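Novice: show me the folded form of this:
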Amino acid sequence: MRIILLLAMLLLAPQMAQAAEGYIDVTAPVSRKLKLFPAPATGLAGQVPPEVSRELSELFGMDLGLAGPFEVSGDGAGADLILKSSYSAQGGNITLECRLVDRVLNREITAKRYSGSAKELRRMGHAFSDEVLRAVTGEKGPFTGKIAYVTKASGNKEIFVMDYDGHNPQRLTNNGSINLNPDFAPSGKEIIYTSYKKGNPDLYRRELFTGLEARISSRSGLNATGAYSPDGSKIAMVMSKDGNSEIYLISREGKELARLTNNHAIDVSPAWSPDGSRIVFVSDRLGKPQVFIMNADGGNVHRLTANGAYNVTPRWSPKGDRIVYARQGGGGFQIYAINADGTQDTQLTSAGSNEHPRFSPDGRFIVFSSTRDGAEAIYLMRADGSGQTRVSPNKSQNSHPTWSVNW
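Specialist: This is a model prediction of the structure:
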């Protein structure tokens with residue numbers, strides 16, 4: 001259900017309301033955030049642990065506090081919106097019912113009911129946070145997505161996957177080698193990554209739910225920084241089989257389709273525009289690593305970044321308007337975002353060294369790694385750089401994060 005236009009007009013600046021839809025534009029400046037109160041969850045029936053209510057309150061508080069349009073309140077006094085939830089248990093399963101209520105107009109905005117095992121409680125809570133954002137902004141949230149990342153928790157660089165907020169880490173690789181640069185398929189059901197487990201840096205594809213794995217590129221030399229095309233049928237990647245790092249296209253099964261770059265420079269880190277028509281990448285063809293854009297067939301190459309002498313790891317926004325990347329300077333890296341036409345090059349981080357930025361599937365957030373607290377850890381922030389929050393599940397070195405579509 002949608003918040004009607006009156007609520008948007010009461011709570012936000014007039015330019016915030018989209019008159020045709022009545023949604024809040026979360027990318028525009030907000031004159032006053034909506035005050036949202038996640039009321040304590042109510043246990044209705046069955047033997048449900050009492051900590052369920054606390055866990056749900058904390059989950060909704062983090063999800064919606066990070067989202068941007070809301071100010072999460074610890075009580076209902078003066079709240080614009082109230083999130084009400086109740087739960088019951090039967091036979092090892094939990095039923096969770098959630099409602100978002102407009103306190104100003106005294107009406108229900110959206111409501112959902114979820115059922116699952118006790119271990120699925122957080123997934124159900126995140127699913128309702130997604131729906132709250134859909135009801136208020138017109139766009140579903142990314143909170144049921146997963147983050148794949150590289151960790152040294154076991155002593156080697158292995159790939160894990162976790163909830164976006166750092167909960168429920170699960171190990172994907174266990175080969176005792178070096179595994180790098182995971183990238184989710186658009187479906188969210190598989191990843192590609194580079195592994196040295198057979199000696200050479202080869203590219204692998206792994207199905208997340210079955211664990212089935214295939215080595216899809218094992219040419220001599222480097223097979224790395226693979227990125228799925230938006231339709232999932234192709235992969236842009238780097239190979240050095242001819243003695244120099246160049247960007248190629250391969251099929252999902254590993255068949256070589258095209259060579260996109262062909263010069264003496266080092267070309268790496270390809271990433272697709274959301275419509276699949278262009279690829280952003282890094283090249284040192286002008287002497288230092290800079291970010292470039294080319295057509296998906298390798299034509300019309302032009303330089304994107306004009307500032308900084310060492311710019312790396314670009315990634316396109318799901319909306320196609322912004323590109324995020326890391327720039328070296330001051331003894332480390334900082335994250336920047338730039339328009340796809342090269343304008344509005346903006347620094348987003350300043351503490352520690354920050355690398356490997358990736359957008360959330362809806363473009364609201366950026367996940368990245370940072371050394372600001374010592375060991376490299378996973379953080380996320382809003383797309384404008386605000387709300388920087390650590391989400392690493394442990395104190396080990398964690399890096400190379402990437403955010404999946406909703407599971």
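
Novice: so how far is the first residue of stretch 384-397 from its last?
Specialist: End-to-end distance for stretch 384-397: 26 Å, by CA to CA, to the nearest Å.

Novice: so the nearest residue to R259 once chain neighbours are set aside, which state does it fall into?
Specialist: Closest residue in space to R259, ignoring its immediate chain neighbours: Y248 at 5.3 Å, by CB to CB, 6 or more residues apart in numbering. Placement of C-beta: from N, CA and C, glycine included. Following DSSP: H, G, I helix; E, B strand; the rest coil, the label given to Y248 is strand.

Novice: and Y248, what does it touch?
Specialist: 236-239, 256-260 (CB atoms under 8 Å, 6 or more residues apart in numbering).

Novice: may I ask which two of these are separated the most?
Specialist: Farthest pair in those (CB to CB) is V238 and L257. Separation: 14.6 Å.

Novice: in stretch 312-320, what's buried?
Specialist: 312-318 (16 or more other CB atoms under 10 Å).

Novice: again but with stretch 59-71, I slipped
Specialist: Buried, per 16+ other CB under 10 Å, within stretch 59-71: 59-70.

Novice: and if you look at stretch 262-277?
Specialist: Neighbour-count burial for stretch 262-277, counted by 16+ other CB under 10 Å, picks out 265-273.

Novice: starting at the chain centroid, how far to stretch 293-302?
Specialist: 26 Å (CA atoms, centre = their mean, to the nearest Å).

Novice: after the helix or strand hosting L180, which helix or strand is next?
Specialist: Take DSSP states H and E as the rule and L180 turns out to sit in strand 179-184. Beyond strand 179-184 on the C-terminal side, the first helix or strand identified by DSSP H and E is strand 190-195.

Novice: that older thread, any chance of JSON lines for the buried residues of stretch 312-320, columns secondary structure and pLDDT?
Specialist: Listed next are those as JSON lines, based on DSSP: H, G, I helix; E, B strand; the rest coil; pLDDT from 0 to 100:
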{"residue": "V312", "secondary structure": "strand", "pLDDT": "98"}
{"residue": "T313", "secondary structure": "strand", "pLDDT": "98"}
{"residue": "P314", "secondary structure": "strand", "pLDDT": "98"}
{"residue": "R315", "secondary structure": "strand", "pLDDT": "98"}
{"residue": "W316", "secondary structure": "strand", "pLDDT": "97"}
{"residue": "S317", "secondary structure": "coil", "pLDDT": "97"}
{"residue": "P318", "secondary structure": "coil", "pLDDT": "96"}
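
Novice: same question for the strand holding L180, mean pLDDT?
Specialist: Strand 179-184 carries an average pLDDT of 98.

Novice: circling back: among the buried residues of stretch 59-71, which one sits closest to R372?
Specialist: L66 (17.8 Å).

Novice: skipping its backbone neighbours, what lies nearest the closest one in space?
Specialist: G387 (5.4 Å).

Novice: so who does the one you found touch?
Specialist: Contacts of G387 (CB under 8 Å, 6+ apart): 65-66, 68, 380-381.

Novice: show me which of the buried residues of stretch 312-320 is closest to V324.
Specialist: Closest approach to V324 among the buried residues of stretch 312-320 (CB to CB): R315, at 5.4 Å.

Novice: could you list everything the residue nearest to R259 pairs with in the sheet?
Specialist: Listed by DSSP bridges, the beta-bridge partners for Y248 are M237, R259.

Novice: okay, now the domains of this structure?
Specialist: Residue ranges for each domain of the chain read 5-137, 146-403, as given by automatic domain parsing.

Novice: how far does the longest one sit from the chain's center?
Specialist: So the one you mean is domain 146-403. 11 Å.

Novice: end to end on that domain, go ahead and measure it.
Specialist: Note: domain 146-403 ends 6 Å apart using CA to CA.

Novice: give me the pLDDT for M237.
Specialist: Taking M237 on its own, its pLDDT is 98.

Novice: identify the residues contacting it.
Specialist: Neighbours of M237 in contact, by CB under 8 Å, 6+ apart: 203, 217, 223-227, 247-250, 270.

Novice: among those residues, which pair sits farthest apart?
Specialist: Among these, A224 and L249 lie farthest apart (CB to CB), at 14.6 Å.

Novice: so, low pLDDT: which residues of the chain?
Specialist: For the chain, residues meeting the criterion pLDDT under 70 lie at 1-31, 46-48, 406-407.

Novice: for it, just list every one of the helices.
Specialist: Along the chain, counting by DSSP state H, helices occupy 5-11, 51-67, 121-137.

Novice: mind putting the buried residues of stretch 59-71 in a markdown table, distance to G374 included?
Specialist: As requested, the buried residues of stretch 59-71 are exported to a markdown table (distance: CB to CB, whole Å):
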| residue | distance to G374 |
| --- | --- |
| L59 | 27 |
| F60 | 30 |
| G61 | 26 |
| M62 | 23 |
| D63 | 27 |
| L64 | 29 |
| G65 | 25 |
| L66 | 23 |
| A67 | 28 |
| G68 | 29 |
| P69 | 33 |
| F70 | 31 |
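
Novice: of all the residues you listed, which comes closest to R99?
Specialist: R99 lies nearest to F60 out of the buried residues of stretch 59-71, by CB to CB, at 12.1 Å.

Novice: returning to that earlier point: compare V238 and L257 (neighbour count), which wins?
Specialist: V238 (28 against 13; other CB atoms under 10 Å).

Novice: would you check that that one makes contact with A224?
Specialist: Yes. Contact criterion CB atoms under 8 Å: V238 and A224 qualify, at 5.0 Å.

Novice: which neighbours do those two share?
Specialist: What both V238 and A224 touch, as defined by CB under 8 Å, 6+ apart, is the set V268.
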